[in-house]
Structure formats: C-alpha cells, structure tokens
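> heads up, no residue letters with this:
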C-alpha cells in the first residue's frame, strides 16, 4: 500500500473521530450544564493527530423558578455518583427526586451529600440554600416546620486537574476525590445551560466535511496511480 494512501486513510479516520465529537456537542446543545469538547486535528506528513479537551467556560444561566433547579455561582462543581459507582463532578443542576426519595440530576446520577448519596423523606416543599443545604417541610407538617436533611457536596477543582471520561462526567486524576469547598455557592430556581456554541460547531462540521472529502479524493488518486503503475510494470 502506498504511503499516500496510508496517510490519507489515517487522516480520514481522525477526521471522522473529530466529527463524532462535534456531533456530540451539537446533540447536547440543550443539556443543562454540558461542557463542549474542543477538538484539534493537526496536519503533518504522517496524517496528523487528533487532540481534544473540554471547554470549561460557563453556560448561560436562566431563571426557572423550580425549587430543585440549581446553578453554580462562578467556579465549582456538584459531586455525583457516576454510573461506574465512582465520585465524579458535574455542573448539571436539573435535580429530581425519584420514588425512593433519591436526589439525582437530569441524567440520573445520584447527588452526593455529607455522607453519600442524598435521600429525601416525603415532603410537601423543598428549598436549597446558597451553600447547598437542603431543607424540607415534611408531609403533613405546618408551614413553619422545616427540617434540614443534608447538604449537597460542592467542590472547587483547578481546570488542569479535571479530566472528562466517556460518561461525560469530570474526574480528578488517578481517582482522587475532591474535598467540599464552603466557598462554592449555588442559586436555587435557575439552571446553567450548555456552553456549546452552535454557530462554531456548524462551521467546524462543514470544515471537517470538506477535509474528509479531500482525503477521500486523495485515496482515490492513490488507487488510480497504483493501478496505472501496475499496468506499466506489466507492460514492461
């Protein structure tokens, strides 16, 4: 196989990977707290390499008025239990309580409190304070009866120490666990949206499509050249 064909095939494969990341960004444009993945495709004589890193910039915050919606003020992350059972971090604040009272985010990841996943007893109303403290009015109690149930684990982690995993959640290197940070605050009744820039992603998609088409043309040219060379060699 010619070097030109090998290089073109490698480049096309890398562009397809970058396009998949781009498509995932667009698919999550409406996902609360989602952080876009920035992908870079380098160009060199060996076909280039694909690099990517999360864009940790904030998304736009909108008011919802829903008591279980929270957004983080400035820097910080919400601690959750990832699908693999490990502790991970997210900015997703569309919280829900299931039939068993477990508090989870919109993706179904349990929210971590002072002593593990948070479970709420039956309540008629719930409030989340600025520091993440959860208070409820138990079912059947008077409006003046308020019980503090737990406190959401809020952490602050340097951007360089955050790694995105395949489940879309952030983690620290080597399975390290972040400590609660009392300086991280939340706003109840509001949600941080995705930070995906739709225009940027669409432009990137078009550019990647053109680059992929160029690599396909190179592969076709390499095949035609190899075929022509084979005929010449046969004639000689």
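Everything's here; your move. Model, not experiment: these values are computed from the prediction.
> What's the separation between the residue positioned nearest the centre of the chain and residue 128?
Of all residues in the chain, the one closest to the mean position by CA atoms, centre = their mean is residue 168, 4.1 Å from it. Using CB to CB, to the nearest Å, we find residue 168 at a distance of 23 Å from residue 128. Every residue, glycine included, has its C-beta placed from N, CA and C.
> tell me the contacts of the residue nearest to the centre of the chain?
Applying CB atoms under 8 Å, 6 or more residues apart in numbering to residue 168 gives the contacts 34, 107.
> try it again with 7 Å
Neighbour list for residue 168: empty [criterion: CB atoms under 7 Å, 6 or more residues apart in numbering].
> The one 4 residues further on now?
If you count contacts by CB under 7 Å, 6+ apart, residue 172 has them with 157, 161, 178.
> again with residue 112
Contacts of residue 112 were listed using CB under 7 Å, 6+ apart, and they are 79-81, 87, 153.
> Now flag whichever of the contacts of residue 172 is closest to residue 58.
Of all those, the one with the least separation from residue 58 (CB to CB) is residue 157, at 14.8 Å.
> and the closest one, backbone torsions?
phi -130, psi 140 (degrees, to the nearest 10).
> what's the neighbour count on it?
19 (other CB atoms under 10 Å).
> now do residue 177
12.
> That one looks like it's in a helix, true?
No - when DSSP: H, G, I helix; E, B strand; the rest coil is applied, residue 177 is found to be coil, with no helix at that position.
> Contacts only, for the residue lying closest to it once chain neighbours are set aside.
Once flanking residues are discounted, residue 177 sits nearest to residue 87: 5.4 Å by CB to CB, 6 or more residues apart in numbering. If a contact means CB under 7 Å, 6+ apart, then residue 87 has 79, 81, 112, 177 as its contacts.
> Tell me which two of these sit farthest apart.
The distance between the two most remote of the contacts of residue 87 (CB to CB) is 11.9 Å, for 81 and 177.
> Quick check: residue 75 touching residue 156?
Yes - counting by CB atoms under 7 Å, residue 75 does reach residue 156; the two are 5.5 Å apart.
> quick one, domains of the chain?
According to automatic domain parsing, the chain comprises the domains 3-55+196-235, 61-192.
> any idea which element residue 7 lies in?
Secondary structure assignment for residue 7, by DSSP states H and E: helix 3-27.
> neighbouring strands for the helix or strand just after that helix, and are they parallel or not?
With elements assigned by DSSP H and E, the helix or strand that comes after helix 3-27 is strand 37-41. For strand 37-41, the paired strands and their directions (DSSP bridges) read strand 50-54 (antiparallel).
> starting at the chain centroid, how far to the strand it pairs with?
Between the centre of strand 50-54 and the centre of its chain there are 13 Å (CA atoms, centre = their mean, to the nearest Å).
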